[in-house]
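> Sequence and predicted structure, then a few things I'm wondering about:
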Amino acid sequence: MTVYFIGAGPGDPELITVKGQRLIRTCPVILYAGSLVPDAVLSGHSAASVVNTADLHLDEIIALLEAAHARGQDVARVHSGDPSLYGAIGEQIRRLNALAIPYEIVPGVTAAAACAASLGCEFTLPGISQTVILTRFATKTSMPEGEQLADLARHRATMAIHLGVRHIERIAADLIPHYGEQCPVAVIFRASWPDEEKVLGTLADIAGKVLEKGIERTALIVVGYVLNAEGFTDSSLYRKPV
């Protein structure tokens, strides 16, 4: 028996790995984050037990995993995006280790990757940015020392900010001293979903545009000069031999 932490991808049901899809269709038990994983991702399953864990607390989830283990049933534990990024699997894994229940992580397409695809751009361009910072805005969970947005912004790298769109004005204020007011920003609501929306602007005006659009959740904020770069150097990967 194994608990499979499966990354369902950002929303588009075709953006899931072959392995993840196979496990969802064959595991006898499915536990999924219903608020973020579309029903279409579960299409074709033959599970006897399918549980939406959106309203369950950790103890209840672990009890379901423990019961499946006692029955010898594999579990597809389905998370949105990639489970290793803000998937809250760490505390589940800690409990499984204590119970000696085997688990495996199946990677998924990240929200950041879906946003890059939607924007039609590359997040790493020679001479512009060779680093991508994936982070979040501190709300209920505080950030460790040195990981405040202002600390990270000093690198002027491409930045993808999760869980912060309601605080876009404060985020812009933290970033402007490092990136400048005219640094391009994209806010992507539900990337790859049918109702996806994009708001494009600069650090100077993005807060007003997001407020006007009414986006308050389930959005990623992408900041960086790669979003409108033109005069960057070609990479050496496809350079013509001399």
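Nice, I can see it.
> immediately after the top helix by length along the chain, which helix or strand?
The longest helix of the chain (DSSP state H) is helix 58-71. The helix or strand immediately downstream of helix 58-71 is strand 75-79, counting by DSSP states H and E.
> Please write out the alpha-carbon positions of that following strand in PDB.
Provided in PDB are the C-alpha atoms of strand 75-79 (Å, rounded to 0.1, in the frame of the first residue of the first chain):
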ATOM      1  CA  VAL A  75      -4.400   6.200  -2.200                       C
ATOM      2  CA  ALA A  76      -4.300   8.900  -4.800                       C
ATOM      3  CA  ARG A  77      -3.800  12.100  -2.700                       C
ATOM      4  CA  VAL A  78      -4.400  14.700  -5.300                       C
ATOM      5  CA  HIS A  79      -3.100  18.300  -4.900                       C
END
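> mind listing what residue 105 touches?
When contacts are counted by Cβ atoms under 8 Å, 6 or more residues apart in numbering, residue 105 touches 4-5, 83-84, 89. Just so you know, the C-beta spots here come from the backbone N, C-alpha and C atoms, and that holds for glycine as well.
> from those residues, which single one is nearest residue 192?
Set against residue 192, the nearest of the contacts of residue 105 by Cβ to Cβ is residue 83 (16.9 Å).
> helices and strands around the longest helix of the chain, which ones?
Judged by 3 or more Cβ pairs under 8 Å, 6 or more residues apart in numbering; DSSP states H and E, helix 58-71 is in contact with strand 3-7, strand 29-32, strand 75-79, helix 90-99.
> from the chain's centre, how far out does the strand or helix carrying residue 168 sit?
Residue 168 belongs to helix 168-179 when assigned by DSSP H and E. Distance of helix 168-179 from the chain centroid (Cα atoms, centre = their mean, to the nearest Å) equals 21 Å.
> For that helix, name the packing helices and strands.
helix 149-153, helix 206-213, strand 219-223.
> Quick one: mean pLDDT over the following helix or strand past it.
Sequence-wise, the next helix or strand downstream of helix 168-179 (DSSP H and E) is strand 184-189. In this model, strand 184-189 carries a mean pLDDT of 98.
> Check stretch 23-43 too.
In this model, stretch 23-43 carries a mean pLDDT of 93.
> Report pLDDT for the residue most central in space within the chain.
Nearest to the mean C-alpha position of the chain, counting by Cα atoms, centre = their mean, stands residue 111 at 3.9 Å. Per-residue pLDDT puts residue 111 at 96.
> surely it meets residue 81?
Yes - contact criterion Cβ atoms under 8 Å: residue 111 and residue 81 qualify, at 5.0 Å.
> Report the two of the contacts of residue 105 separated the most.
Spatially, the most separated pair among the contacts of residue 105 is 4 and 84, at 13.4 Å (Cβ to Cβ).
> Of those two, which one has the most company?
The residue with more neighbours, out of residue 4 and residue 84, is residue 4; 21 against 15, by other Cβ atoms under 10 Å.
> partners of that one in the sheet?
With DSSP bridges as the criterion, residue 4 is bridged to residue 76, residue 104.
> now it: how far from residue 169?
Distance from residue 4 to residue 169, counting by Cβ to Cβ, to the nearest Å: 40 Å.
> Residue 135 should be in a helix, yeah?
No - counting by DSSP: H, G, I helix; E, B strand; the rest coil, one finds residue 135 to be strand, located in no helix.
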